[in-house]
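Undergrad: this one's sequence-less:
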């Protein structure tokens, strides 16, 4: 699952914060489980139909929140930025991830998605004028080499899977959206921004609603229950718990916990779907996350 950009309105507590810890734990488990549920739903539903089934109901939940909570409307100057971020963050991200997971297992897919901070750092060089440094480039090379190994890890050895590149494209969409959101999150609560993203980002998926309803009617019960789970837990509750974590912890500290998503997704994929990582894929996953760590920790040195 992609992450919401940084919330500058943090109210960080000192010492061990039980509520923040529980919020992070719930977020990790729900977001990690989404990769396995996507794998279950693909087949009966196309990638676009699955994105529609997941995010259009989530948009309706967002509407209920916006009507009930009545947060301040986005500034007119933020509308274009918010609109582009929403389409990338919801529609484009979901369709690319779903297309990729047609052949890429849940665990490897989550490792690829979690290269998003590398893309964010690269974009920040040009968009925000941030320094990168030689360690940033080293980390980027390690992370992308790991993705290449994941893409080339078939059951019988090296077998290039182009769908892994689509998942990398989903990570890029999430990174661009994160950079676009950052100034808005300095002016609005994270939960309100997330609600607007859900609402606006689902609009491109609306034409697929009729075919999605037909596909759901013909799908097995486990697929329909999977969609209910995706809408309520990884999407609605997961974003709320993430917003709580961002409120109580610094964004950097909260984001560090998300390194737990890929190994958790791999474990869930093994226990639920029987997906066993190949040795090459496991090495690639470790490299992908290690590269992200290098970028985040060392890139300004």
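TA: Looks like it came in fine. Not measured: the values here are computed from a predicted model. Numbering: from 1, shown residues only.
Undergrad: List the first helix or strand encountered after the lowest-mean-pLDDT helix or strand in the chain toward the C-terminus.
TA: Taking mean pLDDT, DSSP states H and E as the measure, the chain has strand 157-158 as its least confident helix or strand, at a mean of 50. Sequence-wise, the next helix or strand downstream of strand 157-158 (DSSP states H and E) is helix 163-185.
Undergrad: pLDDT weak spots in the stretch 1-150 of the chain?
TA: Where the stretch 1-150 of the chain drops to pLDDT under 70, the residues are 1-16, 128-130.
Undergrad: hmm, 80 instead?
TA: Scanning the stretch 1-150 of the chain for pLDDT under 80 picks out the ranges 1-17, 117, 120-121, 124-133.
Undergrad: Helices of that one, residue ranges please.
TA: Listed from the start of the chain, the stretch 1-150 of the chain has helices (DSSP state H, counting those that start in this stretch) covering 18-41, 47-69, 79-86, 93-100, 106-113, 116-127, 133-151.
Undergrad: same check, this time on the stretch 151-300 of the chain
TA: Taking DSSP H, counting those that start in this stretch to define them, one finds helices in the stretch 151-300 of the chain at 163-185, 190-201, 209-218, 221-230, 238-248, 251-256, 261-273, 279-298.
Undergrad: Could you export those helices as TSV, including mean neighbour count, distance to residue 53 and mean pLDDT?
TA: Glycine gets a C-beta too; all of them are placed from N, C-alpha and C. Below are the helices of the stretch 151-300 of the chain laid out as TSV (neighbours: other C-beta atoms under 10 Å; distance: least, C-beta to C-beta, whole Å; pLDDT from 0 to 100):
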stretch	mean neighbour count	distance to residue 53	mean pLDDT
helix 163-185	22	17	88
helix 190-201	24	14	91
helix 209-218	14	5	97
helix 221-230	17	5	95
helix 238-248	23	17	82
helix 251-256	17	28	68
helix 261-273	20	19	91
helix 279-298	20	28	81
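Undergrad: need those in TSV with distance to residue 120, can you?
TA: Shown next, in TSV, are those (distance: least, C-beta to C-beta, whole Å):
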stretch	distance to residue 120
helix 163-185	4
helix 190-201	16
helix 209-218	31
helix 221-230	25
helix 238-248	15
helix 251-256	10
helix 261-273	16
helix 279-298	9
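Undergrad: and residue 91, which of those is closest to it?
TA: Residue 91 lies closest, by C-beta to C-beta, to one member of the helices of the stretch 151-300 of the chain: helix 190-201, at 5.5 Å.
Undergrad: helices or strands next to the closest one in the packing?
TA: The contact analysis (3 or more C-beta pairs under 8 Å, 6 or more residues apart in numbering; DSSP states H and E) places helix 190-201 against helix 47-69, helix 79-86, helix 163-185, helix 238-248.
Undergrad: contact partners of it?
TA: With contact meaning C-beta atoms under 8 Å, 6 or more residues apart in numbering, helix 190-201 is reached by 4, 7, 9, 55, 58-59, 61-63, 65-66, 69, 71-72, 74, 82-83, 85-91, 177, 181, 184-185, 235, 239-240, 242-243, 246-247.
Undergrad: Just the buried residues from those residues, in PyMOL please.
TA: Provided next is the PyMOL selection string for whichever of these are buried by 16 or more other C-beta atoms under 10 Å:
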select buried, resi 4+7+55+58+59+61+62+65+66+74+82+83+85+86+87+88+89+90+91+177+181+184+185+235+239+240+242+243+246+247
